[in-house]
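S.K.: What shape does this take:
(2 chains)
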Amino acid sequence: MGLITLINHKSSFINLNYHNNQNLSFFIFFSSKSQQQKQPFSTSVETIVTLLKSCSKKTHLLQIHTQIIRTLLIRQQIILTSFLSCVALSPLHDLKYSNRFFAQIRKPDCFNFNTMIRAYSQSDSPLEGWKFYNGMRERGIRPNPLSSSFVLKSCTRISSLIGGRQIHARILQDGHQSDCLLLTTLMGFYAFCENGSDARLVFDEMPQRDTVAWNVLISCYARNGRTRDALSLFDFMQNPEYGSKPDDVTCLVALQACAHLGSLEFGERIHRYIDEHGYGDATNLRNTLIAMYSRCGCVDKAFRVFQGMSERNVVTWSAIIHGFAMNGHGRDAIEAFREMQRMNVPPDDQTFTGVLSACSHSGLVDEGLMFFERMRIEYGIAPSIHHYGCMVDLMGRAGYLDQAYELIISMTVKPDSTIWRTLLGACRIHRHVALGERVVSHLIELKAQEAGDYVLLLNMYASVNDWDKVADVRKLMKEKGIQTTPGCSTIELHGQVHEFVVDDDSHPQMKEILAMLDEIEKQLKIAGYVAEVSSELHKLSAHDKGFVLSYHSEKLAIAFGVLSTPPGKTIRVAKNLRICIDCHNFAKALSSVYNREVVIRDRSRFHHFREGNCSCNDYW
DNA sequence: CTAGGGTTAG
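M.R.: Numbers count the residues shown, from 1 in each chain, chains lettered A, B, ... in the order given. Here you go, the predicted model:
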């Protein structure tokens, strides 16, 4: 086809090709100016609109502008509108230009206002969109559901709860309360502001709910700690009464909930669902599966998923590195990191969080220091508070307490309470009272003292037999009315999660469980297990509540596991607080006497017990 | 004279 023929077929040619070769369509457009006048008017409009839609370069835009500014075309609303959309939204996203252009439009319509609101919602100053949202009312233009949707996005981005509530009210005023998509955005907003109950209220008010709406609710619950509710929704939505089918996103967010809860059985069920419904190839789902299995203490399963993947990105590698790290396989984590480099996948900050935490959990001090150095120098990644946290943990556990303190002081980021708490934990392990007290003063300065901090302090004094100080701290806690978080352990059985809380005997089988625990302790004592009561948290809760006998929740959960599962089956327990040394010894002894593998998940990692050994000997 | 909207990985 010759060029002349091409030019004659200009419009259709551009329509067909703009997405394939933008430069070519621009070439044809501008080399056929003389032809253009002969074209029917409407075709020209169409052509320009098409060009604007595909325009991703400022120079092209300016060319079109000069071209149309001299013609009558510039007065056509559709051209103005297309032009504004082109400047305002990505990839051009030029807010200065779009503001100037917007001012030129004599009668901006709802769509034009929405374009501006949308452009600002994606910008660095999302709230500027409000001006247009209010502006359209002043000009007597009724906002449509999309106006509210875009300005809601702005509120979500800066977590403005007040702003979002105002929009919520206006949505009702404007009569848009049956717009399913808009309400989903609204739910997403409440979810993002960690306001699960309001998200739920919106959900309940929705006239009909599709899978996306369910997904938002599940994701909201999964992120805000209501993991159990999140999982029950996975089944609930399939109820014929609602009839929504979980899709790939549902699986993804549900898997996150499983990871949080340590709910292996449920996670495996979702894994099967994924394979049965043909979502198995999605990289994001595979990555989440790796994370889920890792966080349920099954690195081998995580690794199997990892091995089965043909495409692995940074997230994949980071997930498996984290998986190895939190399960005590520090060396494997480092090996995975090396392999990742061989495959030329550049690591990012989160990869290094995994590598560094692998070093800290496995006591690889030199390696940790080396990676910390390489991260900054070789990869130019500025350490975040998480990286520092790993380093403080690493140095602290290894006994380099003063160096850890120095590191915190030298940080470019402001130390948060978590990092001080990490050091406080190390002070307790190494019985470094003087530094521990200094750390507490920092926590007090941050006004961030939590019950757990007092407990650590208490344990530290107890470990050096300073009972006067122990009494002081206790008194202080009583005066301040500080409530300790009760220890809580969960164990999953046939898809049901059983929860055990210290001093709470509400479990229907509590009698049998206590009898079983008694029996176990007897057996373990014969094998040489000696109860250790240096953990003051233990005494404290029993003392405060007037119990003579008080069992840690993980012991109850383990006893329940022995009671309710066949011999040889692995017992998996998740615990909200740090495991204490006594329960650690208990599990270790049980793994050999009862020949059971025991896996306990702590706040941040796993303790694997097998045949009287554990994965974390000196670093519990 | 016709455009834009919701959920999602380590």
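S.K.: got the domain boundaries for chain A?
M.R.: In the domain annotation for chain A, the residue ranges read A:1-107, A:488-492+A:501-614 (automatic domain parsing).
S.K.: out of those, deepest packed?
M.R.: domain A:488-492+A:501-614 (a mean of 18; mean count of other C-beta atoms under 10 Å). To be clear about C-beta, it is placed using only N, CA and C from the backbone, and glycine gets the same treatment.
S.K.: and the one residue in the stretch 501-620 of chain A that gets nearest to DNA strand B, what does it touch?
M.R.: The nearest approach of the stretch 501-620 of chain A to DNA strand B comes at A:S604, 12.2 Å away (C-beta to the nearest atom of the strand). Contacts for A:S604 were tallied using C-beta atoms under 8 Å, 6 or more residues apart in numbering; they are A:326, A:357.
S.K.: Please report phi then psi for it.
M.R.: Main-chain torsions, A:S604, degrees, to the nearest 10: phi -130, psi -10.
S.K.: now the one 10 residues further on
M.R.: Dihedral angles phi and psi of A:C614 (degrees, to the nearest 10) take the values phi -130, psi 160.
S.K.: Equivalent analysis for A:M411, please.
M.R.: Given degrees, to the nearest 10, the pair of backbone angles that A:M411 has is phi -60, psi 150.
S.K.: Is it possible to get JSON lines of the domains of chain A that adds mean pLDDT?
M.R.: Listed next are the domains of chain A as JSON lines, based on pLDDT from 0 to 100:
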{"stretch": "domain A:1-107", "mean pLDDT": "69"}
{"stretch": "domain A:488-492+A:501-614", "mean pLDDT": "84"}
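S.K.: would you list these in a markdown table and tack on distance to A:G243?
M.R.: Output for these, formatted as a markdown table (distance: least, C-beta to C-beta, whole Å):
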| stretch | distance to A:G243 |
| --- | --- |
| domain A:1-107 | 36 |
| domain A:488-492+A:501-614 | 28 |
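S.K.: of all those domains, which lies closest to A:A382?
M.R.: Proximity to A:A382 (C-beta to C-beta) singles out domain A:488-492+A:501-614 among those, at 23.1 Å.
S.K.: If we ignore the residues flanking it in sequence, what's nearest A:E194?
M.R.: The shortest distance from A:E194 to any non-neighbouring residue, by C-beta to C-beta, 6 or more residues apart in numbering, is to A:N224 (5.4 Å).
S.K.: got a list of what the one you found touches?
M.R.: A:N224 sits next to A:191, A:194, A:196 when contact means C-beta under 8 Å, 6+ apart.
S.K.: And those, which of them are buried?
M.R.: A:191, A:196 (16 or more other C-beta atoms under 10 Å).
S.K.: Next to DNA strand B, which bits of the stretch 51-200 of chain A? Give me the list.
M.R.: Neighbours of DNA strand B within the stretch 51-200 of chain A, by C-beta under 7 Å from any atom of the strand: A:77-78, A:81, A:85, A:109-111, A:114-115, A:144-147, A:149, A:179-182, A:184-185, A:188.
S.K.: Just the buried residues from those, in ChimeraX please.
M.R.: Of these, the buried ones can be selected in ChimeraX as follows, counting by 16+ other C-beta under 10 Å:
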select /A:81,85,114,115,144,145,146,147,149,179,182,184,185,188
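S.K.: Among the residues of the stretch 51-200 of chain A next to DNA strand B, which ones are in helices?
M.R.: A:77-78, A:81, A:85, A:110-111, A:114-115, A:145-147, A:149, A:180-182, A:184-185, A:188 (DSSP state H).
S.K.: how near is the residue in the stretch 351-500 of chain A that DNA strand B sits nearest to to A:A319?
M.R.: Here the stretch 351-500 of chain A gets closest to DNA strand B at one residue, A:T351, 4.6 Å apart by C-beta to the nearest atom of the strand. Distance, A:T351 to A:A319, by C-beta to C-beta, to the nearest Å: 10 Å.
S.K.: More neighbours: the two, which one.
M.R.: When neighbours are counted by other C-beta atoms under 10 Å, A:T351 and A:A319 differ, and A:A319 comes out ahead with 28 against 24.
S.K.: pretty sure the more buried one is in contact with A:M292, am I right?
M.R.: No: in this structure A:A319 lies outside contact range of A:M292 using C-beta atoms under 8 Å: 9.6 Å.
S.K.: Touching both of the two, which residues are there?
M.R.: A:A302.
S.K.: Which pLDDT does the model give the residue of the stretch 351-500 of chain A closest to DNA strand B?
M.R.: At A:T351, the model reports a pLDDT of 98.
S.K.: In which helix or strand does it reside?
M.R.: Secondary-structure element containing A:T351, defined by DSSP states H and E: helix A:349-362.
S.K.: Just the C-alpha atoms of that helix, please, in CSV.
M.R.: Extracted C-alpha coordinates of helix A:349-362, given in CSV (Å, rounded to 0.1, in the frame of the first residue of the first chain):
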residue,chain,number,x,y,z
ASP,A,349,14.5,-3.8,50.6
GLN,A,350,12.1,-6.5,51.6
THR,A,351,14.5,-9.2,50.3
PHE,A,352,17.1,-7.9,52.6
THR,A,353,14.6,-7.8,55.5
GLY,A,354,14.3,-11.5,54.9
VAL,A,355,18.0,-12.1,54.6
LEU,A,356,18.8,-10.1,57.8
SER,A,357,16.1,-11.7,59.8
ALA,A,358,17.5,-15.1,58.7
CYS,A,359,20.8,-14.1,60.1
SER,A,360,19.3,-13.0,63.3
HIS,A,361,17.1,-16.0,63.9
SER,A,362,20.0,-18.4,63.1
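S.K.: Fine by me, thanks again.
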